[in-house]
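K.L.:
Please find the sequence and the predicted model below.
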Amino acid sequence: MILQHRKKSRILIAIAKEENKRTDITAVSRCKNSIEKVFLKKGIKPETLFLQQKDFKNTESLKARISDINPLYIVNLFEGFSNFPQQEADFVRLLEDLKIPFTGNGSLTLLNCLDKMRTKNILKKNNLPVAPGFFVRNMKQVKTRRVNFPLFIKPCREDGSWGVHNDSVVYDRKELFSVIQKRLRFFPQGLLVEEFLPGKEYSAALIGNSNYKVMGISEIDYSKCHALQKHKRSSCKRHKAVPFLTYEAKWNHRALNYRLTMPDYTPKINRTLRRNIISLSKKAAKALGCRGYFRVDFREAFGKLFVIDINPNPDINNDSGYLRLAYGKGYTYAEIIEKIVQLANYH
Ligand SMILES: Nc1ncnc2c1ncn2[C@@H]1O[C@H](COP(=O)(O)OP(=O)(O)O)[C@@H](O)[C@H]1O
Ligand SMILES: [Mg+2]
């Protein structure tokens with residue numbers, strides 16, 4: 001086993017050095033600590049490779065730094081920087097050039113999945129079901145569009161529901177214009193406007209480099225949110241229940257929407273639907289060239305499934321959704337980390 005031999009070789013855990021209190025960002029350093037513990041139990045002390053924005057101004061010196069260490073492999077927890085998520089892919093590209101094994105997904109997959117419009121086009125080309133939608137970068141692009149309400153507005157190049165708020169679903173042109181205008185100020189790289197899919201949300205956790213294995217499927221049932229939303233349509237926007245995962249719903253344990261949208265990690269899903277989710281996840285992963293560990297997210301609308309998001313290198317904290325599904329399959333935290341590390345060696 002990779003975690004048990006060649007103890008003298010250096011193993012690096014790559015992580016961003018960034019002072020940011022965003023919960024999705026601090027989650028990464030928590031993850032590093034948990035993974036370190038797994039290694040320490042095997043008698044191996046990994047080192048940390050801290051990455052700063054300035055490293056990307058002179059990648060030759062970053063390359064030299066890594067080459068000098070010549071690690072056996074890199075456990076890649078680097079997700080880019082809060083204002084530069086694309087550097088997640090740049091870093092992996094650099095490791096590919098150096099031919100150093102690393103955990104998780106390759107640079108092209110990361111690059112494509114960081115851009116939701118690009119992901120959507122690749123999925124569409126591969127005949128996978130996606131929500132009808134379009135990309136906007138300025139108000140002119142909205143004016144000429146014929147659209148079916150309600151619509152959902154999300155940043156094209158973010159993840160972790162960053163930029164998804166209670167007002168992300170819009171019911172008429174006035175709301176559409178107002179939310180797009182507001183959001184473009186924060187996300188000038190562009191937004192994705194999609195038909196709103198009101199049904200259940202599913203997330204499939206997968207592992208593997210090409211022979212993918214689905215470890216489990218979680219489900220979010222939004223019926224309580226739909227009911228409360230109808231009931232309280234006119235109440236304070238900040239505290240209303242909404243039937244989708246906002247940033248608050250994903251990361252703020254005290255938020256109303258966090259409580260209302262807790263995923264069920266052992267849902268009763270009928271056999272046909274389960275088969276459908278598994279088959280679509282694998283096809284979507286293949287289309288995007290996913291490897292290592294990743295999640296494929298779906299939403300249902302009127303009895304049909306749509307792929308809404310592909311998450312290469314998702315959160316692998318010991319309390320993350322990915323791990324909860326793995327525990328359901330009987331794996332321990334250490335076993336999953338070991339599997340992820342083993343897959344790194346086949347890049
Ligand atoms: N077309 C859509 N219809 C309904 N809800 C959506 C749609 N797209 C995204 N969502 C909701 O927004 C959340 C975040 O969107 P997603 O595309 O998964 O981006 P992120 O990369 O930020 O997770 C999803 O978990 C889902 O609840
Ligand atoms: Mg998502």
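P.N.:
Yes, it's here. Ligands and ions are numbered 1, 2, ... in the order given.
K.L.:
Assign the residue positioned nearest the centre of the chain to helix, strand or coil.
P.N.:
The residue lying closest to the centre of the chain (Cα atoms, centre = their mean) is Asn311, at 3.4 Å. Asn311 carries the three-state label strand when classified by DSSP: H, G, I helix; E, B strand; the rest coil.
K.L.:
That one reaches Phe294, doesn't it?
P.N.:
Yes - Asn311 is within contact range of Phe294, at 5.9 Å (criterion: Cβ atoms under 8 Å). Any C-beta I mention is one placed from the backbone N, CA and C, and that applies to glycine too.
K.L.:
hmm, back to that, now the spatially closest residue to the residue nearest to the centre of the chain that is not a sequence neighbour: which helix or strand?
P.N.:
Sequence neighbours aside, Arg295 is the residue nearest to Asn311 in space, at 4.3 Å (criterion: Cβ to Cβ, 6 or more residues apart in numbering). Assessed by DSSP states H and E, Arg295 sits inside strand 292-301.
K.L.:
Please identify the pairing partners of that strand and their relative orientation?
P.N.:
Strand 292-301 sits in its sheet next to strand 201-208 (antiparallel), strand 304-312 (antiparallel), going by DSSP bridges.
K.L.:
Can you give me the buried ones in the first one?
P.N.:
Same thing as strand 201-208. Glu201, Tyr202, Ser203, Ala204, Ala205, Leu206, Ile207, Gly208 (16 or more other Cβ atoms under 10 Å).
K.L.:
now stretch 285-304
P.N.:
285, 287-300.
K.L.:
Where does the prediction get shaky in the stretch 151-300 of the chain?
P.N.:
Where the stretch 151-300 of the chain drops to pLDDT under 70, the residues are 231-239.
K.L.:
please redo it, this time with the cut-off set to 80
P.N.:
Within the stretch 151-300 of the chain, the segments meeting pLDDT under 80 span 229-239.
K.L.:
Can you tell me which residue of it sits closest to ligand 2?
P.N.:
Asp297 (4.8 Å; Cβ to the ion).
K.L.:
quick one: that residue and Asn311 touch, right?
P.N.:
Yes - using Cβ under 8 Å, Asp297 makes contact with Asn311 at a distance of 6.8 Å.
K.L.:
For this structure, which segments count as helices?
P.N.:
For the chain, the helices defined by DSSP state H occupy 23-41, 59-69, 87-98, 107-114, 116-125, 140-143, 173-186, 223-231, 247-251, 256-260, 271-288, 321-328, 333-344.
K.L.:
Ok, which of these comes nearest Cys156?
P.N.:
helix 116-125 (5.0 Å; Cβ to Cβ).
K.L.:
hey, C-alpha coordinates of that closest one in CSV?
P.N.:
What follows is helix 116-125, C-alpha atoms only, in CSV (Å, rounded to 0.1, in the frame of the first residue of the first chain):
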residue,chain,number,x,y,z
LYS,A,116,-20.5,26.0,-16.0
MET,A,117,-21.3,27.1,-19.5
ARG,A,118,-18.5,25.1,-20.9
THR,A,119,-19.5,22.1,-18.8
LYS,A,120,-23.1,22.4,-20.0
ASN,A,121,-22.0,22.5,-23.7
ILE,A,122,-19.8,19.4,-23.2
LEU,A,123,-22.7,17.6,-21.5
LYS,A,124,-25.1,18.6,-24.3
LYS,A,125,-22.7,17.4,-27.0
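K.L.:
tilt between it and helix 271-288?
P.N.:
110 degrees (axes from the mean of the first three to the mean of the last three Cα atoms, to 10 degrees).
K.L.:
who's in contact with the residue of the stretch 1-150 of the chain found nearest ligand 1?
P.N.:
In the stretch 1-150 of the chain, no residue comes nearer to ligand 1 than Ala131, which is 4.1 Å away by Cβ to the nearest ligand atom. Contact analysis of Ala131 by Cβ atoms under 8 Å, 6 or more residues apart in numbering lists Phe152, Glu194, Glu195, Leu197, Arg299, Ala301, Phe306, Ile308.
K.L.:
correct me, but the first one touches Leu191?
P.N.:
So the one you mean is Phe152. No - if you go by Cβ under 8 Å, Phe152 and Leu191 don't touch, sitting 10.2 Å apart.
K.L.:
For the two, indicate the residue with more neighbours.
P.N.:
Shown here are Phe152 and Leu191; by other Cβ atoms under 10 Å, Leu191 has more neighbours (29 against 20).
K.L.:
Name whatever forms a beta bridge with that one.
P.N.:
Val136, Pro155.
K.L.:
ok, now which ones touch it?
P.N.:
With Cβ under 8 Å, 6+ apart, Leu191 has these contacts: Phe135, Val136, Arg137, Ile153, Lys154, Pro155, Cys156, Ile180, Arg183, Leu184.
K.L.:
excluding its backbone neighbours, what's nearest the first one?
P.N.:
I take that to be Phe135. If the residues on either side of it in the chain are set aside, Phe135 comes closest to Met117, at 4.5 Å by Cβ to Cβ, 6+ apart.
K.L.:
Flag every residue of the stretch 151-300 of the chain that's near ligand 2.
P.N.:
Applying Cβ under 5 Å from the ion, we find that the stretch 151-300 of the chain lies next to ligand 2 at Asp297.
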